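Undergrad: model the structure of this input:
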Amino acid sequence: MSSIRKVPMRKCVGCQEMKSKKEMIRVLKTSENEFILDATGKKNGRGAYICFSEKCLQKAIKSRGLERSFKQSIPKEVYDALEKEMKALETE
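TA: The predicted structure is shown next:
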């Protein structure tokens, strides 16, 4: 009898949809209070998930989804860096 593996699901902070972890990218807050995109999903730190689309990132910025997830205000430079990294990932 084979066991069925449970697929880990996460909620996007932009569109609020539940999707599998592999369909999303993780925004990570490190212990040094810097924010980075974690494509592997395995780095240490507090994480929030967002879809791979530019549209979901814009929704997260507008609704302050990342700020709620991390329970702190996020500087504009962080959002700019996330947009650049997201565009780089979309072109790959």
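Undergrad: so Ile74 makes contact with Leu66?
TA: Yes: between Ile74 and Leu66 a contact is recorded at 5.7 Å, counting by Cβ atoms under 8 Å. Quick note: C-beta positions are derived from backbone N, CA and C, even for glycine.
Undergrad: neighbour count: these two, which is higher?
TA: Between Ile74 and Leu66, Leu66 has the larger neighbour count (other Cβ atoms under 10 Å), namely 23 against 17.
Undergrad: show me what the helix or strand hosting that one is packed against.
TA: Per DSSP states H and E, Leu66 falls inside helix 65-70. If you count contacts as 3 or more Cβ pairs under 8 Å, 6 or more residues apart in numbering; DSSP states H and E, helix 65-70 packs onto strand 46-51.
Undergrad: circling back: pull out the buried positions in the helix holding Leu66.
TA: For helix 65-70, a neighbour-count test (16 or more other Cβ atoms under 10 Å) marks Gly65, Leu66, Ser69, Phe70 as buried.
Undergrad: touching it from outside, list them.
TA: The contact list for helix 65-70 (Cβ atoms under 8 Å, 6 or more residues apart in numbering) reads Val13, Gly14, Val27, Lys29, Phe35, Arg46, Ala48, Ile50, Lys59, Ala60, Ser73, Ile74.
Undergrad: farthest-apart pair in those, please.
TA: Pairwise distances across the contacts of helix 65-70 peak at 20.4 Å for Arg46 and Lys59 (criterion: Cβ to Cβ).
Undergrad: higher neighbour count, the two?
TA: Neighbours per residue (other Cβ under 10 Å) separate Arg46 from Lys59, with Lys59 holding more: 18 against 14.
Undergrad: contact partners for the more buried one?
TA: Contact analysis of Lys59 by Cβ under 8 Å, 6+ apart lists Gly14, Cys15, Gly65.
Undergrad: dump these into JSON lines; add distance to Glu85 and pLDDT as well.
TA: Listed next are the contacts of Lys59 as JSON lines, based on distance: Cβ to Cβ, whole Å; pLDDT from 0 to 100:
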{"residue": "Gly14", "distance to Glu85": "15", "pLDDT": "91"}
{"residue": "Cys15", "distance to Glu85": "19", "pLDDT": "92"}
{"residue": "Gly65", "distance to Glu85": "17", "pLDDT": "90"}
